[in-house]
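Undergrad: coords below, sequence missing:
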Ligand code: BTN
């Protein structure tokens, strides 16, 4: 197995920034760092990036918005599928957090600049503790053993490539079957919407018991139960 255009670093501010920089000269890049100083999450959050986790950004040059929307779904399934190889049954918390029971195991971030798309995956692998205020877990804490970070990175990348070329309908079906059941609320056009999550439609709407809402107009989906 090999990763195409793989760039590995001991330390970076953020693998996302490095991927965007490299996309100036490459069509596709994979950037992995052992730790990051300014790891970022969605909604301007900081992503704790100590040694032991996987910090990987995969950059694609010149893609359309449809590609990015699909990537959001595809990336979650790629991570869930690989976790199954390690006998970890996780779930998606919409849109693309990966949870094991009530704790976050992986975060996914998609950023777009012009037509360059960078997918960032932060998977907790060998960390043995997290700050108390963060409800997070790691593969180590779930399975009580250490894992090979590079091997997991390769597997996720390979799976992602397969899923990008697969029939999206099937990927979405699989995604909808693996959503963490929950009651959520979010703001939509100035209104507070609440409902039970049923899935994501082919038009990228969040389907709730109370209606359908375009997921790209929703900033943050809060779990209320
Ligand atoms: C989230 O859940 O808020 C998304 C977290 C994304 C973290 C990853 S780690 C690799 C990539 N580089 C970053 O700086 N962030 C993403």
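TA: Structure's in. What do you need? Just so you know, these numbers come straight off a predicted model, no measurement behind them.
Undergrad: spell out which parts of the chain neighbour the ligand.
TA: Contact residues, the chain versus the ligand (CB under 6 Å from any ligand atom): 14-16, 36, 39-42, 45, 47, 55-57, 97, 107-109, 120-122. Glycine gets a C-beta too; all of them are placed from N, C-alpha and C.
Undergrad: which among the residues you listed end up buried?
TA: 14-16, 36, 39-42, 47, 55-57, 97, 107-109, 120-122 (16 or more other CB atoms under 10 Å).
Undergrad: among those, which lie within strands?
TA: Among those, the members falling in strands (DSSP state E) are 36, 55, 56, 57, 97, 107, 108, 109, 120, 121, 122.
Undergrad: could these go into CSV alongside pLDDT?
TA: Compiled in CSV, those are given as follows (pLDDT from 0 to 100):
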residue, pLDDT
36, 98
55, 98
56, 98
57, 98
97, 93
107, 97
108, 97
109, 97
120, 98
121, 98
122, 98
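Undergrad: what's the farthest-apart pair in these?
TA: Largest separation among those by CB to CB: 36 and 97, giving 18.5 Å.
Undergrad: counting by contacts, list what the longest helix along the chain packs against.
TA: Under DSSP state H, the helix in the chain containing the largest number of residues is helix 65-85. Judged by 3 or more CB pairs under 8 Å, 6 or more residues apart in numbering; DSSP states H and E, helix 65-85 is in contact with strand 91-93, strand 97-100, strand 103-113, strand 116-123, helix 149-164, helix 168-177.
Undergrad: nearest the geometric middle of the protein, what residue?
TA: For the chain, the residue nearest the mean C-alpha position is residue 108 (2.2 Å; CA atoms, centre = their mean).
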